[in-house]
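J.: below is the sequence, then the predicted model.
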Amino acid sequence: MTAQLIDGVALARQWRARVAERAAALAARGHRPGLAVILVGDDAASQVYVRNKVKACGEAGIHSVLETYPASLTQDELLARIAALNADPTIHGILVQLPLPPHIDAQRVIEAIAPAKDVDGFHVANAGALLVGQRGYWPCTPYGCVKMLEHIGIELRGKHAVVIGRSNIVGKPMALLLLQANATVTICHSATADLGHFTRQADVVVAAVGRPRMLTADMVKPGAVVLDVGINRLPDGKLCGDVDFDTVREVAGWITPVPGGVGPMTIAMLLLNTVEAAERAAG
Ligand SMILES: Nc1nc2c(c(=O)[nH]1)N[C@@H](CN(C=O)c1ccc(C(=O)N[C@@H](CCC(=O)O)C(=O)O)cc1)CN2
């Protein structure tokens, strides 16, 4: 059995087109959605991601402002910029690209963003809203995974989902979203003994640990859905996920590739959250 591919590029294109329609409708009412993207430092991957976000905004009819600062920017200077953007009525979404330089407390910075403009869904108010099932913004990567699961039509009620990774950005919100969809959820992490014991029971596996090809075919139940959130740069410059794609695809029922899987959906969901924020602001 060879798994069916979940094409993140094609699905992201569909979502971006839907966002563009909603952005155009808002613009026609005089409320063009606006996103501010802040990049601090010179991390090469981050530079690519913010460029892609700004380009995607342009294509969807979302006004975007890119602010880039040297790694020497102080935390107070960054907080002052966020305060200004919080007060700017043309900006509906604010995101600070992670990682930040080590002298800046990322959580402190995230908490400075107005929850209503926190289109990354990282603010504790949005994390709390997700925890208790209230309306808020969902982090873009797990949100994209949910859309992928909806797209393939899997009924999650009663299924066992295993999330590998417990980050605030992906692992924890992913687990909560799967729980909200009535899956039985197990969270595994770096201290989990015998990871394969858990993943072999899973109908859905989400791998988000940042360890190249750590999920191998012997750890996957035949027919399972495997979502690969990992983006690992190998010494030869090539990109690979947390899943050993070539072997796992022979066992799984559905699988996402890297590149071209979850990554493009992350950006599509950012646009979706931004247009949603603008709609809420417009009333
Ligand atoms: N403020 C945020 N920072 C970070 C986030 C985030 O959601 N908000 N997530 C990641 C990086 N990220 C978005 O910012 C991101 C990573 C990867 C991709 C993507 O499309 N990847 C491509 C491959 C790109 C390449 O060639 O390098 C793919 O998987 O096909 C999009 C967004 C950490 N920081």
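T.: Yep, it's here. Since this is a predicted model, take the numbers as computed values, not measurements. Numbers count the residues shown, from 1 in each chain.
J.: the ligand versus the nearest residue to T184 once chain neighbours are set aside, what's the distance?
T.: In space, and not counting its chain neighbours, T184 is closest to H160: 4.9 Å by C-beta to C-beta, 6 or more residues apart in numbering. All C-beta spots, glycine's among them, are computed from the backbone N, C-alpha and C. Distance of H160 to the ligand, given as C-beta to the nearest ligand atom, to the nearest Å: 26 Å.
J.: enumerate every residue touching the residue in the stretch 151-283 of the chain that the ligand sits nearest to.
T.: At 2.2 Å from the ligand, G263 is the closest residue in the stretch 151-283 of the chain, using C-beta to the nearest ligand atom. By C-beta atoms under 8 Å, 6 or more residues apart in numbering, the residues touching G263 are G8, I231.
J.: output the helix or strand hosting it as CSV, nothing but the C-alphas.
T.: Assigned by DSSP states H and E, G263 belongs to helix 262-282. The C-alpha coordinates for helix 262-282 follow below in CSV (Å, rounded to 0.1, in the frame of the first residue of the first chain):
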residue,chain,number,x,y,z
VAL,A,262,2.1,21.6,6.3
GLY,A,263,4.5,24.6,5.7
PRO,A,264,2.4,26.2,3.0
MET,A,265,-0.8,25.7,5.1
THR,A,266,0.9,27.7,7.9
ILE,A,267,1.0,30.8,5.7
ALA,A,268,-2.5,30.2,4.4
MET,A,269,-3.9,30.1,7.9
LEU,A,270,-2.0,33.3,8.9
LEU,A,271,-3.9,35.0,6.0
LEU,A,272,-7.1,33.4,7.2
ASN,A,273,-6.6,34.7,10.8
THR,A,274,-5.7,38.1,9.5
VAL,A,275,-8.9,38.5,7.3
GLU,A,276,-10.9,37.1,10.3
ALA,A,277,-9.3,39.8,12.5
ALA,A,278,-10.2,42.5,10.0
GLU,A,279,-13.8,41.2,9.7
ARG,A,280,-14.2,41.3,13.5
ALA,A,281,-12.8,44.8,13.7
ALA,A,282,-15.1,46.0,10.9
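J.: list the buried residues for it?
T.: Across helix 262-282, burial judged by 16 or more other C-beta atoms under 10 Å covers 262-279, 281.
J.: what of stretch 38-55?
T.: Here stretch 38-55 shows I38, L39, V40, G41, D43, S46, Y49, V50, K53, V54 as buried, counting by 16+ other C-beta under 10 Å.
J.: let's see that stretch as CSV, backbone CA atoms only.
T.: What follows is stretch 38-55, C-alpha atoms only, in CSV (Å, rounded to 0.1, in the frame of the first residue of the first chain):
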residue,chain,number,x,y,z
ILE,A,38,8.3,42.1,12.5
LEU,A,39,11.6,40.4,12.0
VAL,A,40,14.5,40.9,14.4
GLY,A,41,17.9,39.6,13.5
ASP,A,42,19.4,37.9,10.5
ASP,A,43,18.2,34.3,10.7
ALA,A,44,18.2,33.1,7.1
ALA,A,45,15.2,30.8,7.3
SER,A,46,13.1,33.5,9.1
GLN,A,47,14.0,35.9,6.3
VAL,A,48,12.5,33.5,3.8
TYR,A,49,9.4,32.9,5.8
VAL,A,50,8.6,36.6,6.3
ARG,A,51,9.3,37.3,2.7
ASN,A,52,6.8,34.5,1.8
LYS,A,53,4.2,35.9,4.2
VAL,A,54,4.5,39.4,2.8
LYS,A,55,4.2,38.1,-0.8
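J.: do it and the ligand come into contact?
T.: Yes. Against the ligand, stretch 38-55 shows contacts by C-beta under 6 Å from any ligand atom at A45, V48, Y49.
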